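Asker: sequence? don't have it. structure:
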């Protein structure tokens with residue numbers, strides 16, 4: 001559950017004392033439309049930080065790799081050779097950075113449609129290692145995210161519960177988000193004005209400490225897309241590494257089409273239930289699945305194709321048995 005961390009800024013951390021550059025890790029797949037502007041924005045976003053770029057490409061067919069090599073010849077480019085999924089791309093990029101002489105002090109995992117504002121990375125990396133109330137330290141830090149039109153994106157989340165799934169089904173996630181019992185989404189404006197610890201956060205841009213990565217290990221590649229950052233944040237939390245918002249840092253997220261594409265929305269919904277099942281009993285998972293199905297069915301009744309597709313998948317006996325992929 002989100003909480004305010006009151007750690008002192010002067011507290012020394014092992015992360016800020018580490019040597020080596022910050023590894024900027026980007027996973028691309030047919031990203032030619034957005035990657036040039038991302039690359040152009042890096043010097044401003046990474047101001048004040050020693051950094052190196054790693055691009056893991058998941059078999060793009062639109063010239064993404066050629067663009068990266070032309071516009072950022074100093075970057076390390078890893079070609080996975082297949083559309084391996086986001087977590088697999090992150091792991092490939094991490095493996096490449098681990099091979100640098102002297103290693104790296106922290107990793108910045110970015111979507112290619114992120115545009116960091118000036119000094120964003122320095123603030124995120126500087127927050128790593130801070131102690132948090134209740135024990136543990138910051139292992140993952142995230143910035144404020146804004147839409148292209150300047151609207152604040154609600155990026156903080158609470159861990160899934162049956163009551164929260166029901167609240168989102170009956171009330172709606174944005175309205176229910178004001179009440180911790182009834183929604184995963186954190187919509188309290190005050191939470192975005194302070195250093196708030198959350199169970200997990202949107203993975204479009206996050207800094208991870210080297211210590212957190214070493215303790216938690218690789219990202220879970222069974223989640224082809226969606227829930228991989230959720231799983232990693234929750235796993236980090238289990239091991240004493242908090243996910244915390246650094247509100248002085250900010251970035252623009254151009255966004256995706258998960259909420260309008262039936263295929264992607266179905267994948268997001270199924271992975272959400274699959275992850276819940278990893279962490280809870282079979283009866284609890286059945287109740288959670290039913291609550292999510294209620295939400296998708298109620299939205300499908302309003303004529304929304306994405307919710308209709310997700311509801312059909314959730315009602316299937318076999319949908320959750322297979323690993324969802326492309």
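Answerer: Yep, that arrived. Keep in mind that this is a model prediction, so the values were computed, not measured. Numbering: from 1, shown residues only.
Asker: CA atoms for contacts and neighbours, from now on please.
Answerer: Fine.
Asker: At which residues are the helices of the stretch 51-200 of the chain located?
Answerer: Using DSSP state H, counting those that start in this stretch, the helices assigned to the stretch 51-200 of the chain run over residues 64-71, 86-98, 120-127, 162-170, 173-176.
Asker: In a markdown table: the ones you listed, plus mean neighbour count.
Answerer: Below are these laid out as a markdown table (neighbours: other CA atoms under 10 Å):
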| stretch | mean neighbour count |
| --- | --- |
| helix 64-71 | 17 |
| helix 86-98 | 22 |
| helix 120-127 | 24 |
| helix 162-170 | 22 |
| helix 173-176 | 19 |
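Asker: Looking at those helices, spot the one closest to residue 254.
Answerer: Between residue 254 and the helices of the stretch 51-200 of the chain, the shortest gap by CA to CA is with helix 120-127, which sits at 16.5 Å.
Asker: Out of the helices of the stretch 51-200 of the chain, flag the one nearest residue 105.
Answerer: Here helix 120-127 is closest among the helices of the stretch 51-200 of the chain (CA to CA), at 9.1 Å.
Asker: What's the mean pLDDT across the closest one?
Answerer: Throughout helix 120-127, pLDDT has a mean value of 98.
Asker: which other helices and strands contact it?
Answerer: In terms of contacts (3 or more CA pairs under 8 Å, 6 or more residues apart in numbering; DSSP states H and E), helix 120-127 is packed against strand 137-146, strand 205-209, strand 241-253.
Asker: Can I get those in TSV including mean neighbour count, distance to residue 180 and mean pLDDT?
Answerer: Output for those, formatted as TSV (neighbours: other CA atoms under 10 Å; distance: least, CA to CA, whole Å; pLDDT from 0 to 100):
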stretch	mean neighbour count	distance to residue 180	mean pLDDT
strand 137-146	27	20	98
strand 205-209	27	23	98
strand 241-253	25	17	97
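Asker: Out of the ones you listed, flag the one nearest residue 193.
Answerer: Using CA to CA, the nearest of the helices and strands packed on helix 120-127 to residue 193 is strand 241-253, at 6.1 Å.
Asker: Which SSE is immediately downstream of the closest one?
Answerer: helix 262-279 (DSSP states H and E).
Asker: From the rest of the structure, what touches the next helix or strand after that following helix?
Answerer: Downstream of helix 262-279, the first helix or strand assigned by DSSP H and E is helix 282-300. Helix 282-300 has contacts (CA atoms under 8 Å, 6 or more residues apart in numbering) with 161-162, 165-166, 168-170, 273, 276-277, 306-308, 310-311, 314-315.
Asker: Which positions in helix 282-300 come out as buried?
Answerer: 285-300 (16 or more other CA atoms under 10 Å).
Asker: Find the centremost residue of this protein, please.
Answerer: The centroid of the chain falls nearest to residue 203 when counting by CA atoms, centre = their mean (1.3 Å).
Asker: Please, which helix or strand holds that residue?
Answerer: Here residue 203 is assigned to no helix or strand, by DSSP H and E.
Asker: Can you tell me the closest non-neighbouring residue to it?
Answerer: Spatial nearest neighbour of residue 203, excluding adjacent residues (CA to CA, 6 or more residues apart in numbering): residue 229 at 5.5 Å.
Asker: Spit out the contact partners of that neighbour.
Answerer: 200-203.
Asker: Nearest to residue 22 among these?
Answerer: Once CA to CA is applied, the member of the contacts of residue 229 that ends up nearest residue 22 is residue 203, at 17.5 Å.
Asker: Could you check how far that closest one is from residue 155?
Answerer: Counting by CA to CA, to the nearest Å, the gap from residue 203 to residue 155 is 9 Å.
Asker: How about residue 140?
Answerer: Taking CA to CA, one finds residue 140 at 14 Å from residue 155.
Asker: and what of residue 57?
Answerer: 25 Å.
Asker: what about these two, which has more around it?
Answerer: residue 57 (29 against 21; other CA atoms under 10 Å).
Asker: Right, I'll leave it there.
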